[in-house]
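sequence and predicted structure below; questions after.
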Amino acid sequence: MKIPTTLLFLSLLFFSTLQGQSIHPIDSLKILLKNTKVDTSQINLLHRLCQQYISNGYFNLALQTNEKLLEITKKTRYLKGESLYYQNLAFFHQKNELGFYYHWKAIKILQKLKLFTEAQKIWDGFRNYSSTKEYKKIAIDSLEKCIVIYEKEPKNDVLLAEIYKVLTYLYIQQNGYDKASNYQQKAFEIYKKKNHHQGVVSSLLNGITILEKLNQPQKALEYSLKLAEIEDTVKNSEDLGICFHLIGHFYYRVQNRYAISIEYFLKAVESVDNKDFVLQSLDLFNIGLLYRNQDYHTKATAYFLKAKEIVEKNPLECMIHITEIYNALGFSLSSENKLKEAMSYHLKANQIAEKDKNKLILAQSLDGIGQIYLKQEKYKEALEYLFRSLKYSEDVNNQILNSYIYLYIAECYEKLHKEKESLDYALKSYDFAMKANWGIVKIKSSLLISELYGEFSKFEEAYSFQKKHLAFKDSILNKDNANHLADIEVKIALRKTKQAIELLEKDKKIQEEENKNQRIVLGSVLGILAILGLLAFVLYRNNRAKIRANMKLLAQKKEIETQAEKLTQVNATKDKLFAIIGHDLRSPLNSLKGLLSLLENRNISPEEFILFSGKLKSGVEHVHFTLNNLLVWANNQMQGIEARPQKVEINALVKENFNFLEEIAKNKNITLKNKLPEAVQVWADEQLINLVFRNLISNALKFTSNGGEVFVYAKENDDSWEIAIQDTGIGMSSETFSKLFKQEVHITTHGTIGEKGTGLGLLLCKEMIEKNKGKIWAESTESVGSIFRFVLPKG
């Protein structure tokens, strides 16, 4: 039997502590491995052992152990084990080889398994080193040396493309976009030649990233459209969703085409429906931004809330951009003049950003708070927050955010009648908006500049910016664009309806085909059933006679068994009666007969007869009591006794029986105590209950030694009385107790001074109580005494 891993590990620690020495972790892991079956536990232990070997410089053993880990992983199909394999390789190559590449492979597997927390931990641990320029240089040098080797072997071209892809990523990280573009093109050519779909897609995505970094949105849009065309051929809805997302993004970047951008973002949401929560929430967020930029703030808020709902339901996957959603909600609600709600969202975002030291989110949240103070005409507070926001925004060099912050600072100064400062900041806002091609800020900043130039009587400049303002406004907020926006969601709804109709028609055709097949099958089944039915009828007729005969035999057998059981009971009754008559009744009568013969033959004097007759009296009374029990029991067995219930005073019955049995109690010096309450009335047959009391009290006297006590008491229930007869006698053994109230067992025992019994009394008590709708039971402790309790309905 295998020892549980945890238990073995704890025992090793315990014994090593006792001996005052420590076991090396490598030895501990080896022992654990010997006692662990081949499963996921062994894979995890091999992972730990491999890392111990690397830490202690046993590199050859580490590689051997890692290969064994991979072998077991393939056998057990434990995909996480493959991630552990790459983690070990990454640890092995962390400073001088392909550490980055293997970390990247390990993380991709964990993401595929949706183990996002573990993936994040690996990345956090790795990036502390890999984020340094020194590491990136080592990684690039190592990978470029690999290229020299692999380029000589054509069979390694797919692996070569993978290395090109990693180098593309590394150069993007270092802003080396020319080299990144070169490696991206090389990877793309290999993947395209090999018809490697996923490779082609990843290469194009890297190309789009490079083009965006180089601020070439038009070319990035062309790549995105090409990517969508490729993905559409394989009908991969998730990858198509990414394509639609990119197209929507670049349509806005290139041409400020809000309507078509929103349409593609909605397509993306529809494509990845509940499959990629990150992309789904991001596209809903983007739609909200576009509506907000068109001053449709209510719609914007609705989409931001949808995005927030998805993110909060899937925190492990999506929490990375919850702060952006909080800020977006703050801006949108602020535009609807819901300032209290807006402030709460900005503060939430600010709190998270401060914890994460995220300068961009800090800049956005502080900007939002500044805007709220601006709306509340608290210009001093507004400027304080806007300048704090500007510091963070300039640190991250976000041109769009800079354009907004400068605009709101300009508006604050304009409200404070500081027109010169206002104009300076408005011009800066306009410059950043032009560089970023950010339409909404171009509209607002150009209008403010025009108004400020008017204040300074510079009418030519004012007129120039007024013209620009109108041109931007016409371009971005034109009527056709607004109409198109209004129609977008209707078109999406119609498309969904059309798809639903097509699906219903498809289902209908499938159903019709299934119905046709079912009719054929049904016809065949009915034909077979007809044949089977005919055969069944013949078999039924043949077997019916057999069944009747068997049923008759079974009935006869059952009747014979019933008669045999009754006969057994009659024989048992007969044996019991003969035993009682032959032993318990004959002995006292024989004694009386002998005494009378002696008197008749004058062998004893009348005085001696009187002396002996006193001793015979108890025997004759026993005979009388036994005969009375026998007659009642026999009558019940032969004809059945019918109870005639009435109100019965229990106190009267107890007193009557105490008087009747008083002489027996005096002879044994036993005290009889009546502890009943004054009014104890039950609904029962008085004669039958009297018989019960006589038997139970007589039994109590029989088994109580000289000087003992017998007492009767009662407890009132809701609808019944519980009556108890208790003695301080010899009690019963567990064997005797187990036989009480059982008709099939005949118990005859002698009292404390040899009094005889028939064993019928308790059976009679049980039958009489049950006939009066009651219940009887006993409690007994050997050498302590017994209690017989019975319950009867209230009278």
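Cool, got the structure.

low-confidence stretches in the stretch 551-700 of the chain?
With pLDDT under 70 as the threshold, the stretch 551-700 of the chain has low-confidence stretches at 566-592, 594-595, 599, 608-641.

how about the helices of it, start to end?
586-600, 606-638, 650-660, 662-667, 686-702 (DSSP state H, counting those that start in this stretch).

over to the stretch 1-150 of the chain?
Under DSSP H, counting those that start in this stretch, the stretch 1-150 of the chain gives helices at 5-18, 25-34, 40-55, 59-76, 79-92, 99-112, 116-130, 133-150.

what's the average pLDDT for the second one?
The reference is to helix 25-34. On average, the pLDDT along helix 25-34 is 76.

what does the first one give?
Helix 5-18 shows a mean pLDDT of 37 in the predicted model.

same thing with the third one?
The average of the pLDDT scores along helix 40-55 is 85.

distance between it and the chain's centre?
Helix 40-55 sits 32 Å away from the centroid of its parent chain (C-alpha atoms, centre = their mean, to the nearest Å).

can you pull the domain assignment for this structure?
As assigned by automatic domain parsing, the chain contains the domains 37-130, 642-793.

before we move on, back to that, looking at the helices of the stretch 1-150 of the chain, which is buried most?
Ranked by mean neighbour count, the helices of the stretch 1-150 of the chain are led by helix 79-92 with a mean of 22 (mean count of other C-beta atoms under 10 Å). Placement of C-beta: from N, CA and C, glycine included.

what helices and strands are in contact with that one?
Here helix 79-92 touches helix 40-55, helix 59-76, helix 99-112, going by 3 or more C-beta pairs under 8 Å, 6 or more residues apart in numbering; DSSP states H and E.

packing partners of the last one?
In other words, helix 99-112. Packing partners of helix 99-112 (3+ C-beta pairs under 8 Å, 6+ apart): helix 79-92, helix 116-130, helix 133-150, helix 157-173.

now swap in the second one and tell me
With contacts taken as 3+ C-beta pairs under 8 Å, 6+ apart, helix 59-76 sits against helix 40-55, helix 79-92.

how near is the residue most central in space within the chain to W683?
Centroid-nearest residue in the chain, with C-alpha atoms, centre = their mean: K313, separated by 15.8 Å. Distance, K313 to W683, using C-beta to C-beta, to the nearest Å: 67 Å.

for E411, same thing?
In terms of C-beta to C-beta, E411 sits 96 Å off from W683.

quick revisit: for the helices and strands packed on helix 99-112, which one sits closest to I520?
For I520, the closest of the helices and strands packed on helix 99-112 is helix 79-92, at 45.0 Å, according to C-beta to C-beta.

now the angle between helix 99-112 and the closest one, please.
For helix 79-92 against helix 99-112, the angle by axes from the mean of the first three to the mean of the last three C-alpha atoms, to 10 degrees is 160 degrees.

let me see the mean pLDDT of helix 79-92.
Average pLDDT, helix 79-92: 85.

same question for stretch 113-132.
Here stretch 113-132 scores 65 as its mean pLDDT.

want to throw the domains of the chain into a markdown table with distance to V201?
Shown next, in a markdown table, are these (distance: least, C-beta to C-beta, whole Å):
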| stretch | distance to V201 |
| --- | --- |
| domain 37-130 | 14 |
| domain 642-793 | 81 |
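
nearest to E514, of those domains?
That would be, of the domains of the chain and by C-beta to C-beta, domain 37-130, which comes in at 36.1 Å.

contacts only, for the closest residue to L416 other than its chain neighbours.
What sits nearest to L416 in space, not counting adjacent residues and going by C-beta to C-beta, 6 or more residues apart in numbering, is Y379, at 5.4 Å. Taking C-beta atoms under 8 Å, 6 or more residues apart in numbering as the criterion, Y379 is in contact with Y373, C412, K415, L416.

count of neighbours near the first one?
Taking other C-beta atoms under 10 Å as the criterion, the count of residues near Y373 is 21.

for L522, same thing?
The number of residues packed near L522 is 12, by other C-beta under 10 Å.
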